[in-house]
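**Q** below are the sequence and a predicted model; questions follow.
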There are 2 protein chains.
Amino acid sequence: MKELTVDLGARSYPIYIGEGVLGQIGELFAKHAIGKGSPLLIVTDSHVAEHHLGAVEARLKEAGYATVSYTAAWGEKSKSLAVLEDIVGAALQAGLDRKSTVIALGGGVVGDLAGFVAASYMRGIRFVQIPTTILAHDSSVGGKVAVNHPLAKNIIGAFHQPEMVLYDTATLKTLPDREVRAGLSEMIKHGLIWDAGFTAWLEQNAQKLISLDQEALQYGLYEGCKVKAAVVSKDEKENDLRAILNLGHTIGHALEAVAGYGELLHGEAISIGMVGAAKLAMRLGYSGQIYTATKRILQTFGLPVRLPAHLETEAIMSAMMHDKKFMEGRMTFIIPTEIGKVEINKNVSAAWVREVVEELKQEA
Amino acid sequence: MKELTVDLGARSYPIYIGEGVLGQIGELFAKHAIGKGSPLLIVTDSHVAEHHLGAVEARLKEAGYATVSYTAAWGEKSKSLAVLEDIVGAALQAGLDRKSTVIALGGGVVGDLAGFVAASYMRGIRFVQIPTTILAHDSSVGGKVAVNHPLAKNIIGAFHQPEMVLYDTATLKTLPDREVRAGLSEMIKHGLIWDAGFTAWLEQNAQKLISLDQEALQYGLYEGCKVKAAVVSKDEKENDLRAILNLGHTIGHALEAVAGYGELLHGEAISIGMVGAAKLAMRLGYSGQIYTATKRILQTFGLPVRLPAHLETEAIMSAMMHDKKFMEGRMTFIIPTEIGKVEINKNVSAAWVREVVEELKQEA
Ligand SMILES: NC(=O)c1ccc[n+]([C@@H]2O[C@H](COP(=O)([O-])OP(=O)(O)OC[C@H]3O[C@@H](n4cnc5c(N)ncnc54)[C@H](O)[C@@H]3O)[C@@H](O)[C@H]2O)c1
Ligand SMILES: NC(=O)c1ccc[n+]([C@@H]2O[C@H](COP(=O)([O-])OP(=O)(O)OC[C@H]3O[C@@H](n4cnc5c(N)ncnc54)[C@H](O)[C@@H]3O)[C@@H](O)[C@H]2O)c1
Ligand SMILES: [Zn+2]
Ligand SMILES: [Zn+2]
């Protein structure tokens, strides 16, 4: 079992990564002084519940905990205030009190939703993340929790750090292949923004990662979490540095919005966005090798690099403007300056961005 | 103009109290570095909007601010996730960003609702309280913000301290007399838990306060806020001491729940509850003079001391059990031990509480 600490002063917490770490849930809960006097609430979704809820419940019961579970419908739509209200109703009926802990068992959707329940129930109770997707190595680190509004994603939320993250890589075996690759896209992002050596390792170990080789997976998740933790430790509340985590996300979010959530997975959308950022880097005078290498590594993982031609360029542009990073013809982008390094550039020409969006439709 | 600081380290903030302080809103906003580059959102309710929204909007406009306003229906029902979602929609449409400030213009309902909008919009933006009720001298200090769930009051929320509180006592002139008295009930509570001298002053100045004599009002609000601020400074997150603010509230909340919100105003319910706490104090061996004095001062303010006979004792008892302060025949109560002092007593017999509820129906 690997262990990593997210260093946030009084709010620091550990991430435990390994095959079968859920087998030690009782000991780990005891170590973190999660008491048995108040019920635990497990929040999960319908896909995850089918494969993993029973085992987690059984182990917690063995360890002497009283649990209640709430299974949301799978998918982004469950990140809503309506579902939050429903979960709070279940929590009240189960007698959850200020000493209770909320457990997020699932991917980023469940983590964000359950995290905001924990942040707001009785003005804040404890929270444990049990990520079951690869993407969640990103979402489970940093304490950003939220639900969506019909008009905007992740707009209602809080910063609420978990007590710990239990990453059992065995749970990933039931994850669909497309979700595996999409999650690896964020892992590649962590390499590209911070660590050239890790990026090279990723490229060399693509096949192992895609086929869920446990050793490679644990190393990749560990290193990915480490990058995220390093950035978040330096800027918990997203005042400046944390923005670099948005490499590929300005275009990526716009693509998700215009395609309608569903056509492109988040990791796929940012894959295309990262290629776009590398193209902007070229226009800004940085080496064309960044673009070549970025595209090559993403393709090695079977991730998309071409923007679907049916998505209207103007719709994508105005989705980005809505994203509020747009100011009088100038946009803010995270730009790779070499592999493993990025800059926050607030002065990217919107005309260039439009050209890059067009060009991305021609990538092969 | 009187000024008071709520001392919370990096989250400290001032309360400005005076007749006409809203006339200085431009200067005060400038002093607190509230920028003009992002729109302000004023949240208010239908009663308050009628009397005071126009003036506040006009002054902010004069001072160079762009504002948008949201008027909720008056009353407790607006403290809901549905209204929060609606407000967030308005905020998004108005282009509120992370540098924007939410202004709560109204009583405790608006303060709690707008405060939770500010706490959760984009994971937290700034927030200014402009209280327009006397009760809000309580609710605007301490940073507790929340909305209700159909099954429980104030259960979904956060701790989110305002940038400042602007208490313009001129706005209180439009407040209905019954609301004035109910608000003064919390002011009396602040005397009873913390300050015998202030309690005596309150009794002597009851008529001035009820008739909104501006000088008496400003002094009373100042002292009331001072007590609340002192308690909150010592226990921001409600771990222990802050519980003393619940004098009269265990019975009071149960009465509100059983009567159906509306029959009894919050201040009226806790008035009866404070008499109940004084009766419990007697059973615990404290002087009967506490009971006599508590009842006398509340009656001087025209506040109810008798529990409406049609409210079922058993319904009241089970509402208190739901309140989770009940454990195996023992309940936690804030008990006055002399005028200006209370204790947190975790060992009050439920049988005594039942007797006291019965007796409160006979008070005259
Ligand atoms: N808080 C943050 O910092 C942060 C960062 C990145 C992304 N996010 C959020 O994360 C979400 C995306 O996360 P995600 O990609 O994990 O999505 P997800 O939680 O929806 O999971 C993807 C799909 O896989 C299923 N699934 C999950 N684990 C499974 C398993 N072990 N076996 C079988 N099926 C499984 C889910 O039911 C879902 O259908 C978005 O809502 C995004 O906003 C948050
Ligand atoms: N956050 C806290 O610490 C805290 C503490 C105590 C109470 N509260 C909350 O406060 C709420 C009660 O506050 P409240 O008594 O101020 O209720 P309120 O905000 O509903 O105001 C009472 C009534 O007076 C009207 N009103 C307000 N100002 C007016 C004015 N100047 N002129 C004319 N009408 C006016 C309102 O529209 C309403 O009808 C409850 O929801 C309670 O939970 C919160
Ligand atoms: Zn992402
Ligand atoms: Zn109260």
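**A** On my side now, so go ahead. Residues are numbered from 1 along each chain as shown, chains lettered A, B, ... in the order given. Ligands and ions are numbered 1, 2, ... in the order given.
**Q** burial count for residue A:167?
**A** 30 (other CB atoms under 10 Å in any protein chain shown). All C-beta atoms are positioned from the backbone trio N, CA, C, and that covers glycine.
**Q** give me the below-cutoff pLDDT ranges for chain A.
**A** A:261, A:322-328 (pLDDT under 70).
**Q** which residue would be the closest one in it to ligand 2?
**A** Distances between chain A and ligand 2 by CB to the nearest ligand atom are smallest at residue A:123, namely 10.1 Å.
**Q** OK, contacts around that residue?
**A** B:144, B:146, B:157-159, B:238 (CB atoms under 8 Å, 6 or more residues apart in numbering or on different chains).
**Q** hmm, 6 Å instead?
**A** Neighbouring residues of residue A:123 by CB atoms under 6 Å, 6 or more residues apart in numbering or on different chains: B:157-159.
**Q** tell me the secondary structure at it.
**A** Under DSSP: H, G, I helix; E, B strand; the rest coil, residue A:123 falls in the coil class.
**Q** now it. Nearest residue, chain neighbours left out?
**A** The shortest distance from residue A:123 to any residue other than its chain neighbours is 4.8 Å, reached at residue B:157 (CB to CB, 6 or more residues apart in numbering or on different chains).
**Q** that neighbour bridge partners, please.
**A** According to DSSP bridges, the partner residues bridging residue B:157 are residue B:146.
**Q** against residue B:113, how distant is it?
**A** The gap separating residue B:157 from residue B:113 is 10 Å, by CB to CB, to the nearest Å.
**Q** more neighbours, these two?
**A** The neighbour comparison of residue B:157 against residue B:113 (other CB under 10 Å) goes to residue B:113, with 29 against 25.
**Q** which positions in the helix or strand containing residue A:257 come out as buried?
**A** When elements are assigned from DSSP states H and E, residue A:257 belongs to helix A:249-259. Using 16 or more other CB atoms under 10 Å in any protein chain shown as the test for burial, helix A:249-259 gives A:249-259.
**Q** other SSEs contacting that helix?
**A** With contacts defined as 3 or more CB pairs under 6 Å, 6 or more residues apart in numbering or on different chains; DSSP states H and E, helix A:249-259 has these neighbours: helix A:266-283, helix A:313-322.
**Q** can you tell me what sits against the first one?
**A** Spelled out, it's helix A:266-283. A:182-183, A:185-186, A:247-249, A:251-252, A:255-256, A:288, A:290-291, A:294-295, A:298, A:303-305, A:307, A:333, A:335-336, A:348, A:352, A:356, A:360.
**Q** what's the neighbour count on the closest residue to residue A:359 other than its chain neighbours?
**A** What sits nearest to residue A:359 in space, not counting adjacent residues and going by CB to CB, 6+ apart, is residue A:279, at 6.4 Å. Using other CB under 10 Å, residue A:279 is surrounded by 24 other residues.
**Q** look up how far residue A:363 lies from residue A:279.
**A** On the measure of CB to CB, residue A:279 and residue A:363 end up 9 Å apart.
**Q** quick check, the residue in the stretch 1-150 of chain A closest to ligand 1?
**A** residue A:108 (1.9 Å).
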